[in-house]
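Peer 1: here's a sequence, model it:
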Amino acid sequence: MRRDMMMGLITGSLIGATVGMYAVSNMSPREQKRMMKRGKKAVSTAAHMMNNMNMF
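Peer 2: Numbering: from 1, shown residues only. Just a heads-up that it's a prediction; the model follows:
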């Protein structure tokens, strides 16, 4: 991958994680549990896709 593309991915990931943490901190405990379930599924799906593309 090109260096600028990799830097963009890293920057986007950091911004997304920061916004996500802010959003979770403003949720009720019930909403937090629901989001954690969705998050685990999303991470699993993303890892499966990256594995199929031989990125890692």
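Peer 1: quick one: pLDDT of Thr18?
Peer 2: Thr18 carries a pLDDT value of 91.
Peer 1: any idea which element it lies in?
Peer 2: For Thr18, the element it lies in under DSSP states H and E is helix 3-25.
Peer 1: got the contact list for that helix?
Peer 2: Residues outside helix 3-25 that contact it (Cβ atoms under 8 Å, 6 or more residues apart in numbering): 32, 35. Where C-beta positions appear, they are placed from N, C-alpha and C, glycine not excepted.
Peer 1: residue ranges in this protein under the pLDDT threshold?
Peer 2: Where the chain drops to pLDDT under 70, the residues are 1, 55-56.
Peer 1: ok so, going back, in the helix holding Thr18, what counts as buried?
Peer 2: When neighbours are counted by 16 or more other Cβ atoms under 10 Å, no buried residue of helix 3-25 is found.
Peer 1: run the chain-centre distance for it.
Peer 2: Offset of helix 3-25 from its chain centre (Cα atoms, centre = their mean, to the nearest Å): 8 Å.
Peer 1: now the helix or strand following it and helix 3-25, what's the angle there?
Peer 2: Sequence order places helix 29-52 as the next helix or strand after helix 3-25, per DSSP H and E. With axes from the mean of the first three to the mean of the last three Cα atoms, to 10 degrees applied, the angle from helix 29-52 to helix 3-25 works out at 160 degrees.
Peer 1: send the alpha carbons of helix 29-52 over as PDB?
Peer 2: Taking Å, rounded to 0.1, in the frame of the first residue of the first chain, the C-alpha atoms of helix 29-52 are listed here in PDB:
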ATOM      1  CA  PRO A  29     -25.800   1.300  30.300                       C
ATOM      2  CA  ARG A  30     -28.500  -0.500  28.400                       C
ATOM      3  CA  GLU A  31     -27.500   1.200  25.100                       C
ATOM      4  CA  GLN A  32     -23.900   0.500  25.800                       C
ATOM      5  CA  LYS A  33     -24.500  -3.200  26.000                       C
ATOM      6  CA  ARG A  34     -26.400  -3.200  22.800                       C
ATOM      7  CA  MET A  35     -23.600  -1.300  21.000                       C
ATOM      8  CA  MET A  36     -21.000  -3.700  22.400                       C
ATOM      9  CA  LYS A  37     -22.800  -6.600  20.800                       C
ATOM     10  CA  ARG A  38     -23.000  -4.800  17.500                       C
ATOM     11  CA  GLY A  39     -19.300  -3.800  17.800                       C
ATOM     12  CA  LYS A  40     -18.100  -7.400  18.300                       C
ATOM     13  CA  LYS A  41     -20.000  -8.500  15.200                       C
ATOM     14  CA  ALA A  42     -18.500  -5.600  13.200                       C
ATOM     15  CA  VAL A  43     -15.000  -6.400  14.300                       C
ATOM     16  CA  SER A  44     -15.400 -10.000  13.500                       C
ATOM     17  CA  THR A  45     -16.700  -9.200  10.000                       C
ATOM     18  CA  ALA A  46     -13.900  -6.800   9.300                       C
ATOM     19  CA  ALA A  47     -11.200  -9.200  10.500                       C
ATOM     20  CA  HIS A  48     -12.700 -11.900   8.300                       C
ATOM     21  CA  MET A  49     -12.700  -9.600   5.300                       C
ATOM     22  CA  MET A  50      -9.100  -8.500   5.900                       C
ATOM     23  CA  ASN A  51      -8.100 -12.200   6.200                       C
ATOM     24  CA  ASN A  52      -9.700 -13.000   2.900                       C
END
